[in-house]
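Undergrad: kindly return the folded structure for what I paste below:
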Amino acid sequence: MTDRALTTPPGDQRRLPGADLVAAGVEDLKGGRETEPALLVSIASTRLRDLGVDIPEQVIEQPQQRLYDLLQRAHGDDAHSRYNGLVDRIVSYANAADHARTR
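TA: Sure, this is the predicted structure:
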């Protein structure tokens, strides 16, 4: 981790797939907004912190259920596949960021 806190993915991590979700989620959390990106960042907050992303201390409680509920309201029967796709993106970002750090 660097000496200063990062509000966006650090360094080359900004170029990784899903970095847009991480940056938006961090900003939404800081703004107190419960959005898809904020819920995804809340789900992955521990791992993202370990990767050097400055995640607010206060994340959204029960983010998995809240994300699914949000998607169900917006997309009905497509909620399950959309949920899995979003979670796959945040996991893919974290895996790629971890790989980039260890190169």
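
Undergrad: can you spell out which helices and strands pack onto the strand or helix carrying R101?
TA: Assigned by DSSP states H and E, R101 belongs to helix 79-102. On a contact count with 3 or more CB pairs under 8 Å, 6 or more residues apart in numbering; DSSP states H and E, helix 79-102 meets helix 19-30, helix 36-43, helix 63-75. Glycine gets a C-beta too; all of them are placed from N, C-alpha and C.

Undergrad: angle of the second one against helix 63-75?
TA: So the one you mean is helix 36-43. For helix 36-43 against helix 63-75, the angle by axes from the mean of the first three to the mean of the last three CA atoms, to 10 degrees is 160 degrees.

Undergrad: list the buried ones in helix 36-43?
TA: For helix 36-43, a neighbour-count test (16 or more other CB atoms under 10 Å) marks 36-43 as buried.

Undergrad: try stretch 89-98
TA: 89-90, 93-94, 96-97.

Undergrad: ok, E34 to R101 distance?
TA: 30 Å (CB to CB, to the nearest Å).
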